[in-house]
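J.: Okay, here's the prediction I keep looking at, along with the sequence it came from:
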Amino acid sequence: MGLILDTSILVRAERHDLPIARVLQQLQQFGPDQETGISSVTVAELAHGIYRAASETQRQRRSAFLDQVCKEIIVQPLTESIARLLGRIEGEQAAQGISIAFEDLAIGATALALGFSVATHNIRHFQLIPGLVVLTL
C-alpha cells in the first residue's frame, strides 16, 4: 500500500514554506514507510503555478520547490493503462451525471492503478471516484 499525493497537499506546503521532508513526515500518520508518489499531472499543475507567479522571487521559489518535490518524491507517469482507467471512470461517472476535473481523475486513476490511496486537502472531488481510498491531513 502507498500514497499518491494530490497537488493540494504540495500547494499548501509551498505556500506555508514547509520542506518536503516535513510533508513526508506528516504522512507517517497513515502508516510508516509507505511508498509515496505523485502523478506526473501534479508536476504539470505545479509547473503551471510557476508561470502564474506574481513576482520573479515567487517564480524562483516555486521552481525550486518543484525541483525539490521531483527529487524527493517518485513521479508516477500517466501510462496507457492509467489513461484507459481514467477514461473508464470519467465515462461511467459522466453517464451518471457526475463531472470530475481531469486533473483529479488522473491523480485518482494513478492511485487506483497502483493500489494506493490519495492524500488530499480536496476530499470532495476524490470521493467521487469509485473504489478510491481518500485520506486527508
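T.: Structure's in. What do you need?

J.: what about the strands in this structure?
T.: Assignment of strands within the chain using DSSP state E yields the ranges 2-5, 35-39, 74-76, 117-120, 134-136.

J.: In a markdown table: the ones you listed, plus mean neighbour count and mean pLDDT.
T.: In short, each C-beta sits where N, CA and C put it, glycine included. Shown next, in a markdown table, are the strands of the chain (neighbours: other C-beta atoms under 10 Å; pLDDT from 0 to 100):
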| stretch | mean neighbour count | mean pLDDT |
| --- | --- | --- |
| strand 2-5 | 24 | 97 |
| strand 35-39 | 20 | 97 |
| strand 74-76 | 15 | 98 |
| strand 117-120 | 24 | 96 |
| strand 134-136 | 16 | 95 |
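
J.: Residue 26: which of those is closest?
T.: With C-beta to C-beta, the closest approach to residue 26 among the strands of the chain belongs to strand 117-120: 9.1 Å.

J.: Starting from the closest one, tell me which strands it pairs with and how they run.
T.: Each strand paired with strand 117-120, and its direction, by DSSP bridges: strand 2-5 (parallel), strand 134-136 (parallel).

J.: got these as TSV, with distance to residue 22 columns?
T.: Listed next are the strands paired with strand 117-120 as TSV, based on distance: least, C-beta to C-beta, whole Å:
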stretch	distance to residue 22
strand 2-5	13
strand 134-136	17
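
J.: about what we covered before: mind putting the strands of the chain into CSV with distance to residue 66?
T.: Output for those, formatted as CSV (distance: least, C-beta to C-beta, whole Å):
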stretch, distance to residue 66
strand 2-5, 13
strand 35-39, 10
strand 74-76, 11
strand 117-120, 18
strand 134-136, 23
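
J.: C-alpha coordinates for stretch 15-33, CSV please?
T.: As requested, the backbone C-alpha atoms of stretch 15-33 are provided in CSV (Å, rounded to 0.1, in the frame of the first residue of the first chain):
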residue,chain,number,x,y,z
ARG,A,15,2.5,28.4,0.4
HIS,A,16,3.5,27.7,4.1
ASP,A,17,7.2,27.2,3.2
LEU,A,18,7.1,23.6,4.5
PRO,A,19,10.0,21.5,3.4
ILE,A,20,9.1,18.3,1.5
ALA,A,21,10.7,16.3,4.3
ARG,A,22,8.2,17.8,6.7
VAL,A,23,5.3,16.9,4.4
LEU,A,24,6.6,13.3,4.2
GLN,A,25,6.9,13.2,7.9
GLN,A,26,3.3,14.3,8.4
LEU,A,27,2.2,11.4,6.1
GLN,A,28,3.7,8.9,8.5
GLN,A,29,0.3,9.1,10.4
PHE,A,30,-1.1,6.9,7.6
GLY,A,31,1.5,4.2,8.2
PRO,A,32,5.2,4.2,8.5
ASP,A,33,7.4,3.6,5.4
